[in-house]
Every structure is written in C-alpha cells, then in structure tokens.
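1. build me a model from this:
(4 chains)
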There are 2 protein chains.
Amino acid sequence: MNIVLIEDDAMLARTLDELLRAEGHSIEHLDHGDRAMTLLAPPRAGDAGHDADLVVLDLNLPGAGGLDVLAALRRHDTHTPVLILTARDGVEDRVRGLDLGADDYLAKPFALSELEARVRALLRRRGRSGPVTFGPLEFDSTTLSFRCHGEPLALPGREQRLLACLLHHAGRPVAKARLVQEAFGADNVGDNAVEVYIHRLRKRLPEPLVLRTVRGLGYVLDTRS
Amino acid sequence: MNIVLIEDDAMLARTLDELLRAEGHSIEHLDHGDRAMTLLAPPRAGDAGHDADLVVLDLNLPGAGGLDVLAALRRHDTHTPVLILTARDGVEDRVRGLDLGADDYLAKPFALSELEARVRALLRRRGRSGPVTFGPLEFDSTTLSFRCHGEPLALPGREQRLLACLLHHAGRPVAKARLVQEAFGADNVGDNAVEVYIHRLRKRLPEPLVLRTVRGLGYVLDTRS
DNA sequence: ATTCTACCTTACAGAACTGTAAGGTTAAAC
DNA sequence: GTTTAACCTTACAGTTCTGTAAGGTAGAAT
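-> Predicted coordinates for the structure are as follows:
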C-alpha cells in the first residue's frame, strides 16, 4: 500500500518510515505543508495527484498548516483515509481534526505498536471498502465486480445489483419488495421478476454460496450447510 | 443511522444513549455479552441478524467477552464498523482490539465530545464507503449505481465500470491500457473500444463532470472549468 | 388428503448492450 | 503548411439482457 507521511520532525519521520516499510508499504515522505498541499490537493486536476491509500498527517508543519491540508484534500477526496498525528492533545483539537474529515487521531507521544495497529485498521478497511465480503465472496470496488475464491464472477447488471443488495444484508432475509426497490430501481417491475432473477443468480452462484428462500418474506444470502 | 451499543454500565449506557439519540441516531442497547453474541453473530444465518451501521462495544461484559463478540462478528461481517470502548488502557489491549477487527479504540475515561466525533468519523466513512464521491458524483454501494446531484445515473455495465475506474483515480489521468484491464477485464478488446466507451460515457455524464483526454496517456475524470 | 398460495422454471420477443470497422477531426512535430 | 499519429464519431450486426406470461412444483393450512 502507498502511504503518504507528512511529518517535519526528521527523527520521528525516519522511525515511522522504517517501521511502515517493514510492514511492506511504500512511503512517500514530505516535511513541508506547502508541498503536501501541492501533492494532495493540486490546484488543477490532472497536474499530478497523489496515489495514496493512507495519509499520515502531522499538524505542526512549516508552511501550510496540517488542518488546511486536510481541508483542501477533503474538498475533492473524501476517500483516502487520514490519520492525524500531533502533539496537540486537547480534546477540542481532536474533535476539530476528526470533524474536518480525519479518520483517526493519535496524540504524541504514542506507542509505535499502537500506530502500527491503527494504520493496519485503516488500511484493512480501505482494502475491502465498499459492499464487503461474505465468506468466499468479495466485491472489488475498483472494477465493480464480484469475485468468489478469487475468481472473477461476471454478472449482468440486474443480477449484480441483486447480489449486492443481498450481500449488503448478508446473513439475514431481504424482503422481495425491498429487492425490487433497491436492485430494480422501483420501476414498474412485476413481482415475478425478482423470482426470475433469483433463479438466474442461483445458476451462476458458485459453491458454497446459496440463496435461501424465506417463504412469505424474501431471500437470504448464505453459505451451504 | 442504527447504532448498537453494548455496555453493561447502566449509568454510562444511559448517557451515551441520550447523546447519540440527540444526534439523530437510533440506538439498540444491550448489556450482556451473550445477547450481543446472539444479535451480532447469530448461530444460524437468517435467524434474526443485526441491522447496525455501527457497533459501540465495551469489552468488560457479563457473559461472553467483548473481544469474543468482536471476533464472532468479524467471522462473517467485515463491514460494520466497531468502536471499542473500555477501561483497559494498556497499549497491548488496544493493539489486540484493533487487530481483531475493531476500527477505533477509546479508553475510559474519555470526553463525550471525543466519542461523538469518533462516532461521526466512523459513520461518515460508512455513509459513503466504497468507491467514493467526486464533486457531485457519488456511488451508492447498496444499489451499485451512481448518483449525480442526488439523481440516479443509470449506466450499462461497461460504462459503469469505466466510470468507477476513472472515479477511483479521480483527478489524475488513467492510462488507456489500465482502463482496458480494469474495466474490460483484459479481454481481447481492441484499443478503439475504450475510445468508443469514453464517447458514450461523455454523452451521459451530467454537468459539471467532464472526461478530459490526456493525449498519449489516457483520460481524467474532472469537473468543468 | 385436499386446497390454496407462494415460489420455481422455462420460453420468448423486444430492447439494450457490445465491439469493430470505417471515415472524420484535431493536435503535435517537423 | 504539411504530415502524422492519436483521438472522435457514426453506423451496424451479433449477442446478451429484460421482463412477462404460462405452467409446474412444493409448502402450509384446513
């Protein structure tokens, strides 16, 4: 994963760099607020742009302040997780940072192992952000397609949305009416259509996934046995 | 949003309940580990199941321990964010909790405003989890469809995946070859196909979204002006 | 056991999508 | 200004998807 580290304390930066590299990430280190601004929120889109999966951001920076960088980043990118890392320990600072769009806030001094764990937590969620996984089934948010046991599972639009709906509530039944509304867009679709698409989806779903019917209610995505 | 609160300290639970309700959430409160287990990780799928957007979990519980509940939940649900809330303040405890799949960890005693902020941060991310938003464009992960200015934007499969790909790297150019691979699944697709689908997508993309071409490279999703 | 209802399965026609080919247009290089 | 390569646009045929209708099957209730 790509991590952008924005930290002006050279000593700490070096430590974090080594630490995170040791976990297999590639680190881009910046020590100046203005440069961070340029990288994370380029004035003209298309100029360069970042490729970060996570931003670790110190608030005390030369040049543009850390909170300004965060705000600028969040103007167009609500996606990349941001972990704030700072010496300011007041509760109000934390609240402000979090409400500006940060995902976590760690006050110095902190244990390195805790930073590692929080980074793992953020990257973990990023890795399978989106509609999630259920058993061997996963949804790849980049290609908007499903995979089962790692094998791509190509599905036509309707079936894909149907499966997404069931996956979203995986393990518990979803009413037929709800499926019509969420997967079919509440068009003038007959009630039978759901049955037909469930049938089609069943033929394509690989083991051990099954679609159990809950009579009178709807369907559940589940695993066999 | 639906929040499941698992906390056996009646005093604290009451406070949190009021606090979170005041922010407009509906709270389901449990004070026993076994019941939490039943709700969050039902032994048989389809029994009942939770409908939570966030779980706030105390570790010290009568009955099943909080970490057991977390582990059981994560066996099938990697999706719902979990905020751990506990008196155990050791760094090792935090690391263990986070590595078991928690998304955040707050040690007692804590400021209520910080809890609120962290809850907001988790729900915010959950609200638009997945492939993100860019300007007025957003992706609804439940229905696997795009919206622009809130209006649904129906797209055929190929165009949808193409847009997802561009959105995923929004603001910076994506190479044509990459689009072929990620959106078209590396089939035996001619190079011209991308141009055709870009063209089709352009006709459907509402203002102010544009697809700029970067000659010799690929395309960028951007906003007009 | 019978009846009823909910669900399954199949088939089909209309519609929409997909990818290629062919020619037009624009931008960069010389 | 000419040339060249990259990109745009249109058209088209093959394929796939969509939703409905019609009949079959299975579960529940009496």
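2. helices and strands of chain A: which one has the lowest mean pLDDT?
-> When each helix and strand of chain A is scored by mean pLDDT, DSSP states H and E, strand A:133-134 comes last, with a mean of 80.
3. flag the shaky bits of chain A, pLDDT-wise.
-> Within chain A, the segments meeting pLDDT under 70 span A:42-50, A:127-132, A:186-187, A:225.
4. next up, the contacts around the closest residue to DNA strand C within it.
-> When scored by C-beta to the nearest atom of the strand, chain A has A:T213 as its residue closest to DNA strand C, at 3.7 Å. Yep, even glycine has a C-beta here, placed from its N, CA and C like the rest. Contact analysis of A:T213 by C-beta atoms under 8 Å, 6 or more residues apart in numbering or on different chains lists A:I198, A:Y219.
5. that's a strand at it, yeah?
-> Yes. Secondary structure of A:T213 (DSSP: H, G, I helix; E, B strand; the rest coil): part of a strand.
6. could you give the bridge partners of it?
-> Here A:T213 sits in beta bridges with A:Y219, as judged by DSSP bridges.
7. any idea how far A:L179 is from it?
-> A:T213 is 12 Å from A:L179, where distance means C-beta to C-beta, to the nearest Å.
8. give me the common contacts of these two.
-> Taking C-beta under 8 Å, 6+ apart as the criterion, A:T213 and A:L179 both touch A:Y219.
9. the helices in chain A, which residues?
-> Assigned by DSSP state H, chain A shows helices spanning A:10-22, A:33-40, A:66-76, A:91-99, A:112-127, A:157-168, A:176-184, A:191-204.
10. so which of these is nearest B:L19?
-> Each of those was scored for nearness to B:L19 using C-beta to C-beta, and the closest is helix A:91-99 (13.6 Å).
11. and that closest one with chain B, contact?
-> Yes. Contact of helix A:91-99 with chain B (C-beta under 8 Å from any C-beta of the partner chain) involves A:V91, A:E92, A:R94, A:V95, A:L98, A:D99.
12. out of the residues you listed, which end up buried?
-> Neighbour counting with 16 or more other C-beta atoms under 10 Å in any protein chain shown marks A:R94, A:V95, A:L98 as buried within the residues of helix A:91-99 next to chain B.
13. around DNA strand C, which positions in chain A sit nearby?
-> Residues of chain A lying close to DNA strand C (C-beta under 7 Å from any atom of the strand) are A:K176, A:N192, A:E195, A:V196, A:I198, A:H199, A:R202, A:T213, A:R215, A:G216, A:L217, A:G218.
14. which ones are touching the fifth one?
-> It refers to A:I198. A:L162, A:L211, A:T213, A:Y219.
15. most surrounded residue in those?
-> Among the contacts of A:I198, the one with the most neighbours (other C-beta atoms under 10 Å in any protein chain shown) is A:L162, at 27 neighbours.
16. distance of A:A52 from A:L39?
-> 9 Å.
17. what do the two both touch?
-> Here A:A52 and A:L39 have A:V4, A:E28 as joint contacts, going by C-beta under 8 Å, 6+ apart.
18. thinking again about what came up before, farthest pair in the contacts of A:I198?
-> Spanning the widest gap among the contacts of A:I198 are A:L162 and A:T213, at 13.6 Å by C-beta to C-beta.
19. just give me the neighbour total for A:R200.
-> Neighbours of A:R200 (other C-beta under 10 Å): 15.
20. tell me which of the helices of chain A lies nearest to B:L83.
-> Nearest of the helices of chain A to B:L83, taken as C-beta to C-beta: helix A:112-127 at 11.0 Å.
21. could you check how far the residue nearest to A:A72 when sequence neighbours are not counted is from A:A52?
-> Leaving aside its sequence neighbours, A:A72 sits nearest to A:A41 (C-beta to C-beta, 6 or more residues apart in numbering or on different chains; 3.7 Å). Going from A:A41 to A:A52 by C-beta to C-beta gives 12 Å.
22. thought A:L98 was touching B:A121?
-> Yes. The pair A:L98 / B:A121 is scored as a contact, 4.7 Å apart, by C-beta atoms under 8 Å.
23. quick revisit: which of the helices of chain A has the highest mean neighbour count?
-> Most buried of the helices of chain A, by mean neighbour count (mean count of other C-beta atoms under 10 Å in any protein chain shown): helix A:157-168, with a mean of 22.
24. what about stretch A:20-31 and chain B, any contact?
-> No. Residues of stretch A:20-31 contacting chain B under C-beta under 8 Å from any C-beta: none, with a closest distance of 12.4 Å.
25. buried stuff in that stretch?
-> Neighbour-count burial for stretch A:20-31, counted by 16+ other C-beta under 10 Å, picks out A:L20, A:H25, A:I27, A:H29, A:L30, A:D31.
26. related to what we said a few turns ago, which one of the contacts of A:I198 is nearest A:H149?
-> Using C-beta to C-beta, A:L211 comes nearest to A:H149 of the contacts of A:I198, at 17.6 Å.
27. which residue is the nearest non-sequential neighbour of A:A10?
-> A:A10 sits nearest to A:D31 (C-beta to C-beta, 6+ apart), 7.2 Å away.
28. equivalent analysis for A:F110, please.
-> Take A:F110 and drop its neighbours on the chain: the residue closest to it by C-beta to C-beta, 6+ apart is A:L85, 7.7 Å away.
29. domain parsing for chain A?
-> A:2-127, A:133-223 (automatic domain parsing).
30. list the residues that contact the closest residue in space to A:M1 that isn't next to it in sequence.
-> Excluding its sequence neighbours, the residue lying closest to A:M1 (C-beta to C-beta, 6+ apart) is A:D53, at 4.2 Å. Applying C-beta under 8 Å, 6+ apart to A:D53 gives the contacts A:M1, A:N2, A:I3, A:T80, A:P81, A:L123, A:R126.
31. what about 7 Å?
-> A:M1, A:N2, A:I3, A:L123, A:R126 (C-beta atoms under 7 Å, 6 or more residues apart in numbering or on different chains).
32. for the spatially closest residue to the fourth one that is not a sequence neighbour, give me its contacts.
-> Here the nearest residue to A:L123 in space, its sequence neighbours aside, is A:M1; by C-beta to C-beta, 6+ apart that works out to 5.4 Å. By C-beta under 7 Å, 6+ apart, A:M1 lies in contact with A:H25, A:D53, A:L54, A:L123.
33. let's see that with 6 Å instead.
-> A:H25, A:D53, A:L123 (C-beta atoms under 6 Å, 6 or more residues apart in numbering or on different chains).
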